[in-house]
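1. Prediction below, plus the sequence it came from.
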Amino acid sequence: MADFVREVMTPGVVAVRPDASLVEAAQLMRAQDIGDVLVADGQHVVGLLTDRDITVRAVAEGTDPLTVSAQAVCTPDPVVVAPDDPVTAAVALMREHAVRRLPVVEGGLPVGMVSLGDLAQEQDPDSALADISRALPDDGRGRV
């Protein structure tokens with residue numbers, strides 16, 4: 001079993017500028033087959049934007065996703081972990097803050113992301129969540 005976040009995180013990050021439109025962010029998520037992007041001003045993490053944020057905080061409110069910025073909708077100053085933090089600390093932070101993803105930051109720079117699915121695969125590989133997290137993505141029409 002993994003002891004440290006670096007052993008379970010997904011390395012690398014996908015980020016958008018704070019002034020990027022929600023359409024830009026959503027297109028990047030689709031292209032990368034991910035559900036979240038960091039909102040970063042240079043090397044500084046400003047927020048975390050999820051596909052759910054776009055849906056609930058913007059589209060459901062009737063705003064135009066072409067004119068709304070990522071920074072306006074993202075969760076500002078997200079809770080982060082370091083690669084050398086214990087996995088148990090990441091789990092505790094997710095529980096405490098009711099979040100499913102944590103940016104992994106080292107020396108002030110984002111280096112990865114750890115998700116609930118990453119932790120499930122590590123801590124309970126036979127769980128339904130771990131199975132879903134391992135599944136290949138489909139093309140949006142039910143095909144892999």
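-> In hand now; what should we look at?
2. Find the nearest non-adjacent residue to the residue most central in space within the chain, please.
-> Closest to where the C-alpha atoms of the chain average out (C-alpha atoms, centre = their mean) is residue 36, at 4.0 Å. In space, and not counting its chain neighbours, residue 36 is closest to residue 50: 4.5 Å by C-beta to C-beta, 6 or more residues apart in numbering. (Glycine included, C-beta is placed from N, CA and C.)
3. Next, count neighbours for that neighbour.
-> When neighbours are defined as other C-beta atoms under 10 Å, residue 50 has 21 of them.
4. Quick check: it touching residue 35?
-> Yes. Using C-beta atoms under 8 Å, residue 50 makes contact with residue 35 at a distance of 5.9 Å.
5. got any residues that touch both of the two?
-> Each of residue 101 lies in contact with both residue 50 and residue 35 under the rule C-beta atoms under 8 Å, 6 or more residues apart in numbering.
6. can you give me the strands in the protein?
-> Remark: strands assigned in the chain by DSSP state E are 10-11, 15-16, 36-41, 44-50, 75-76, 101-106, 109-115.
7. Among those, show me which one is buried the most.
-> Highest mean neighbour count among the strands of the chain (mean count of other C-beta atoms under 10 Å): strand 15-16, with a mean of 24.
8. Partner strands of that one and their direction?
-> strand 36-41 (parallel) (DSSP bridges).
9. Please tabulate the strands of the chain in JSON lines, including the columns mean pLDDT.
-> Output for these, formatted as JSON lines (pLDDT from 0 to 100):
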{"stretch": "strand 10-11", "mean pLDDT": "92"}
{"stretch": "strand 15-16", "mean pLDDT": "96"}
{"stretch": "strand 36-41", "mean pLDDT": "94"}
{"stretch": "strand 44-50", "mean pLDDT": "93"}
{"stretch": "strand 75-76", "mean pLDDT": "96"}
{"stretch": "strand 101-106", "mean pLDDT": "94"}
{"stretch": "strand 109-115", "mean pLDDT": "93"}
